[in-house]
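K.L.:
Have a look at this prediction, sequence included:
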Amino acid sequence: MSQPAVQPVPKTLNAAAQATLDAWHAMLDSGNMDDLDGLFADEVVFRSPVAHTPYPGRTATTLVLRTVNTVFEDFEYHRSFATDDGASVVLEFSANVSGKALKGIDMIRFNADGKIVEFEVMVRPATGLQALGAAMGAKLGDKIGLLKAGA
């Protein structure tokens with residue numbers, strides 16, 4: 001007689017992190033990013049798919065995420081995966097940039113208060129990544145120095 005299949009227990013975020021993630025989704029749905037800065041811990045780091053050096057600080061992270069929200073077209077999250085400790089989530093997304101389709105993931109880590117301490121993005125294919133880099137570079141232009149300084 002065979003044993004019944006064990007169903008995996010779904011992993012979920014802790015309550016504070018889930019509240020922050022819910023606020024992030026609400027901002028994306030509404031297009032209103034006015035309270036975006038409040039989602040981040042002071043020591044937040046943004047890791048871009050097109051830059052080797054991470055961007056430290058709330059100002060830089062807010063600037064990048066506000067800007068990418070104006071670059072992405074048809075942005076949509078598809079799936080999410082939480083870590084065992086409930087302090088991190090991976091969100092799979094798709095979007096278009098300048099006529100190029102792309103897929104990607106946002107890897108977000110939260111502190112004990114539910115504030116985002118790390119936001120890392122990975123994107124494929126190379127043509128989508130290149131279009132994203134060009135569009136972000138055109139929008140941010142002279143602000144790249146601010147991003148690297150975290151100012």
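P.N.:
Happy to help now that I have it.

K.L.:
where's residue 58 relative to residue 40, distance?
P.N.:
Distance of residue 58 to residue 40, given as C-beta to C-beta, to the nearest Å: 5 Å. All C-beta spots, glycine's among them, are computed from the backbone N, C-alpha and C.

K.L.:
which parts of stretch 56-68 are buried?
P.N.:
With burial defined by 16 or more other C-beta atoms under 10 Å, the residues of stretch 56-68 counted as buried are 56, 57, 58, 59, 60, 61, 62, 63, 64, 65, 67, 68.

K.L.:
Please list all residues in contact with the last one.
P.N.:
Which is residue 68. Contacts for residue 68 (C-beta atoms under 8 Å, 6 or more residues apart in numbering) come out as 132, 136.

K.L.:
The most centrally placed residue in the chain - nearest residue in space that isn't next to it in sequence?
P.N.:
For the chain, the residue nearest the mean C-alpha position is residue 106 (4.0 Å; C-alpha atoms, centre = their mean). Leaving aside its sequence neighbours, residue 106 sits nearest to residue 91 (C-beta to C-beta, 6 or more residues apart in numbering; 4.5 Å).

K.L.:
continuing past the helix or strand where the one you found lies, what's the next helix or strand?
P.N.:
In the assignment (DSSP states H and E), residue 91 maps to strand 88-97. As assigned by DSSP H and E, the chain's next helix or strand after strand 88-97 is strand 100-110.

K.L.:
Next, the buried residues of whichever helix or strand comes after that following strand.
P.N.:
Where DSSP H and E defines the elements, the next helix or strand beyond strand 100-110 is strand 116-124. Within strand 116-124, the residues that count as buried by 16+ other C-beta under 10 Å are 116, 117, 118, 119, 120, 121, 123.

K.L.:
Reformat those residues as a markdown table; add pLDDT and distance to residue 15.
P.N.:
Shown next, in a markdown table, are the buried residues of strand 116-124 (pLDDT from 0 to 100; distance: C-beta to C-beta, whole Å):
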| residue | pLDDT | distance to residue 15 |
| --- | --- | --- |
| 116 | 98 | 15 |
| 117 | 98 | 17 |
| 118 | 98 | 19 |
| 119 | 98 | 20 |
| 120 | 98 | 23 |
| 121 | 98 | 25 |
| 123 | 97 | 30 |
